[in-house]
Structures are given as C-alpha cells and as structure tokens.
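Colleague: Structure here, sequence nowhere to be found:
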C-alpha cells in the first residue's frame, strides 16, 4: 500500500517522499501524544467552561423609560461601569481547571409588532447592582424582571421568513465611531428641540414595523482585558503558525497613533522641517487618544428581522443595515454588515439548504446570547469604549418622539417622611 502511494509521485520525487515518510514515522511516537494531549486539555477546558456557564442563573430585565429624560448619554456611560466586570478568571487555574470565564451582558432593543422595548440580559447575581446603578443615573425609570421574549417565538421557516446579520467595525478598534460627543449631546443647557440623538433613526425604524413582524437587536458586551487571547480563523492560524493571538486595544491604539504621527515626519534629522498635522489629522489623533482612555468592552452586535411570510417586507433589510449608518464617520470608524443570511447567486445554495441552516444558527445564537465562548465563539468580535457603547445604547430623551415607543405616564415618588400615622 505504501509502495502504491509513493508510486503516484514523479520518479525524481520518490526518494524525497520516502525520506519524509520515514522522518514522520520516526517522530510520530513523540509528536502524536503531545497533539492528542493538547486537544484533550482544550476539550476539557471548553467542557468545564460550558458547565460553568450553564450553572449561572440568567434573567431578563426590562427598562421602562419615563417621559422626561434630560440627561445626556453620559449617564448611560457611567452606568456601563457596572457592566465592566473583568473578574472571575484571574489565574490559569480558574480558567483552565475550574472553567471560569468572564461574565457578559446583552443590551437589547426590540420591536414586537412596532412596540419598542429596552432589555438587559444578565446573571441574576448582578440584578441588584444594575438596578441601583440605573436608578442612580435615571431616577424615573422602572425596571422589571420579565419572561424572555425570544421563548415565545419558534422559528418555522415553512410559515415564517427570517433575515439576520451581525455588525463589525470598518476599521481597527481604536478608531472611534461617531459618538454622542460629536453630536454635541455633552453640551450643557442644550434644549430638547435642538438635540440630535443618533438613536432616533434606530428607534424610528423599530417603531415602523406592523403586525406579524418583529425586529430584535442585541449588543453583547464583556469587559475587555489586556493580553486577551483571541482564537484566530483557520487562515490566520496557518499564516501565523499559532492558535490564538494576544490583543490589547490600548496598545493597538498607541501603535496607530505612532503611525499617524510618522506621516508628519519629512526629515528625521531636522525636525523643524516636519509638517504640522492638518485639522483632520489632529482630530483623528485626539479622537483615538480619547477613545483608548475609556473602559473597553469586547462587543458583538446582532440583528434579526422575523415576520410571517405574507407580512415579510424586504425594505426592512435595508432598514436594518442602514440603522447604524449615523454612527459611521469617513475619517474614523463605522459599522458594516457581516454574517448575512443570504447568498449573492442562486447556484451557491441548492434548495436553500445552507440558507436555512444559517437562519437557524443565527436565530439560536441570538436566543442563547452566544458570541464569546465555545461552541459559539466568533472571531469577529471587536472593542468599543464606554463612550461608543453609550452612544448606540442609551435611554432616549424627550427629543426622540417615536410614536410607538411607550414611555411611563406618571412619575413615582416616595411618600413624605412626616405623614401622620
């Protein structure tokens, strides 16, 4: 059998093939056990992590927004500090032996037949912390633990249509998207009618759908850590000859700043001849510096449009992909679709077999809020600062007048302390 295998090669290559096979046969008793041990340890680690995460009690909290919110998205940025939980996996023993992992949260904006609602998906142990931090920044809100809305929808592709995608950044993480500071929402004394809230297009889009339609948007976040080990795609593994890559977005930001400053150097010997930065270059350098000084979050954004087959409106696909365009900046960063449930040409998928599989996968990943960990690890996760995150998810002020976005009619208050009994 071996002779037949060698005979398939050209005559002049056969001695080389025999030598290579001999070397592989010689080292196999030492290499194969090492490979099997590495795979076994990795499988055990992933299994322990899966068990650890499965034991965590998860809840869904709904945030009901009052009519009068006069605070800027800075209030949400301060609240997001409570979600920056890097602990729980401090040592290799915690990560690899006990299977512990950083917790993650899901910030969700949902439209159920045009009824727009805000949710936070979290571990039950963080409920009191999140409630106290939300009430501290938004005293008028109401927070309720509610049933998971995703459990009331079963995906039956014979009667329903689904389109989904995930968003990724157009540039490297340190380059910021267009934030609420760029929109001037951090300026004190600005009147409601003068505010331009970047979330308005998203809420208008969510509120525009009708009966038999649903739109789900989730923003999954976890605390970014230095020296975070990100698993590489297979192509990158072969190019870099390694399984994972060490990534720290603050160091990446410093490297990007050095590259920008290097463009200003025209004469390394005589620094007086170096040209000054243009206005745009100065803005980019300042924005990158400001961005990497804020707390960073590993993020994944997923959007799904579900409707009954006769109610499915393809224009909502354009609405989904376009609802994040107001955060894009030509000189900085922005969002673009990825993992879209569709193909460009009909011959890429016979009888929609692959398409239906993609739809079921993205639907189930949404319901599980899966993105960061095996077996649903994405290699497209990115980092957003607390400022960027607060821009795309905050409680809208009165300036956002989406008709189908219900607000709390009355404001609750405590009874006076001097009431007679």
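Modeller: On my side now, so go ahead. The shown structure was predicted, so the numbers you read here are calculated from the model rather than taken from an experiment.

Colleague: For the chain, which segments are assigned as helices?
Modeller: 2-7, 14-54, 74-79, 92, 127-137, 200-207, 234-240, 249-262, 279-292, 315-322, 353-368, 386-392 (DSSP state H).

Colleague: tell me what the second one is packed against?
Modeller: Contacts of helix 14-54 with other secondary structure elements, assessed using 3 or more Cβ pairs under 8 Å, 6 or more residues apart in numbering; DSSP states H and E, are made with helix 2-7. C-betas here are computed from N, CA, C, even on glycine.

Colleague: Check what pLDDT residue 288 gets.
Modeller: pLDDT recorded at residue 288 is 91.

Colleague: Assess the claim that it and residue 256 are in contact.
Modeller: Yes - at 5.9 Å, residue 288 counts as touching residue 256 under the criterion of Cβ atoms under 8 Å.

Colleague: ok, these two, which is more surrounded?
Modeller: Between residue 288 and residue 256, residue 288 has the larger neighbour count (other Cβ atoms under 10 Å), namely 22 against 19.

Colleague: Report the contact partners of that one.
Modeller: Counting by Cβ atoms under 8 Å, 6 or more residues apart in numbering, residue 288 touches 174, 175, 176, 253, 256, 257, 260.

Colleague: between the residues you listed, which has the most around it?
Modeller: In terms of neighbours by other Cβ under 10 Å, the contacts of residue 288 top out with residue 176 at 27 neighbours.

Colleague: Next up, the contacts around it.
Modeller: 287, 288, 290, 291, 329, 332, 333, 385, 387, 388.

Colleague: Who are the contact partners of the third one?
Modeller: Applying Cβ under 8 Å, 6+ apart, one finds that residue 290 lies in contact with 176, 387.

Colleague: Bridge partners for residue 213, pull those for me.
Modeller: Beta-bridge partners for residue 213, by DSSP bridges, are residue 307.

Colleague: Is it in contact with residue 113, as I believe?
Modeller: Yes - using Cβ under 8 Å, residue 213 is in contact with residue 113, at 6.2 Å.

Colleague: Separate out the buried members of the contacts of residue 176.
Modeller: Neighbour counting by 16 or more other Cβ atoms under 10 Å classes 287, 288, 291, 329, 332, 333, 385, 387, 388 among the contacts of residue 176 as buried.

Colleague: Got the confidence number for residue 269?
Modeller: 64.

Colleague: what's the spacing between the residue lying closest to residue 362 once chain neighbours are set aside and residue 275?
Modeller: Distances taken as Cβ to Cβ, 6 or more residues apart in numbering put residue 164 closest to residue 362, at 4.2 Å, once the chain neighbours are dropped. Distance, residue 164 to residue 275, using Cβ to Cβ, to the nearest Å: 47 Å.

Colleague: Could I get the buried ones among the contacts of residue 176 in CSV, plus columns for distance to residue 63?
Modeller: Formatted as CSV, the buried ones among the contacts of residue 176 follow (distance: Cβ to Cβ, whole Å):
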residue, distance to residue 63
287, 29
288, 32
291, 26
329, 28
332, 29
333, 27
385, 22
387, 20
388, 20
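
Colleague: which one of the residues you listed is nearest residue 168?
Modeller: Nearest to residue 168, judged by Cβ to Cβ, of those is residue 333 at 10.6 Å.

Colleague: Residue 349 reaches residue 341, doesn't it?
Modeller: No - assessed by Cβ under 8 Å, residue 349 is found out of contact with residue 341, at 10.8 Å.

Colleague: shared neighbours of those two, anything?
Modeller: Here residue 349 and residue 341 have residue 355 as joint contacts, going by Cβ under 8 Å, 6+ apart.

Colleague: And the two? Which one has more around it.
Modeller: Per other Cβ under 10 Å, whichever of residue 349 and residue 341 has more neighbours is residue 341, with 21 against 15.

Colleague: pretty sure the more buried one is in contact with residue 355, am I right?
Modeller: Yes - in this structure, residue 341 is within contact of residue 355 by Cβ under 8 Å, at 6.6 Å.

Colleague: of the contacts of residue 176, closest to residue 103?
Modeller: Nearest to residue 103 among the contacts of residue 176, counting by Cβ to Cβ, is residue 385 at 19.3 Å.

Colleague: quick one: that closest one and residue 221, what's the gap?
Modeller: Residue 385 is 11 Å from residue 221, by Cβ to Cβ.

Colleague: would you list every one of the strands in the stretch 51-200 of the chain?
Modeller: Along the stretch 51-200 of the chain, counting by DSSP state E, counting those that start in this stretch, strands occupy 58-64, 105-112, 115-123, 142-146, 160-169.

Colleague: With the stretch 301-421 of the chain instead?
Modeller: Listed in chain order, the strands of the stretch 301-421 of the chain (DSSP E, counting those that start in this stretch) span 335-338, 382-385.

Colleague: that older thread, return every residue with contacts to both of residue 288 and residue 256.
Modeller: Listed as contacting both residue 288 and residue 256 by Cβ under 8 Å, 6+ apart are 174, 175.

Colleague: give the contact list for residue 109.
Modeller: Contacts for residue 109 were tallied using Cβ under 8 Å, 6+ apart; they are 116, 117, 118, 119, 202, 203, 206, 217, 393.

Colleague: I am finished for the moment; much appreciated.
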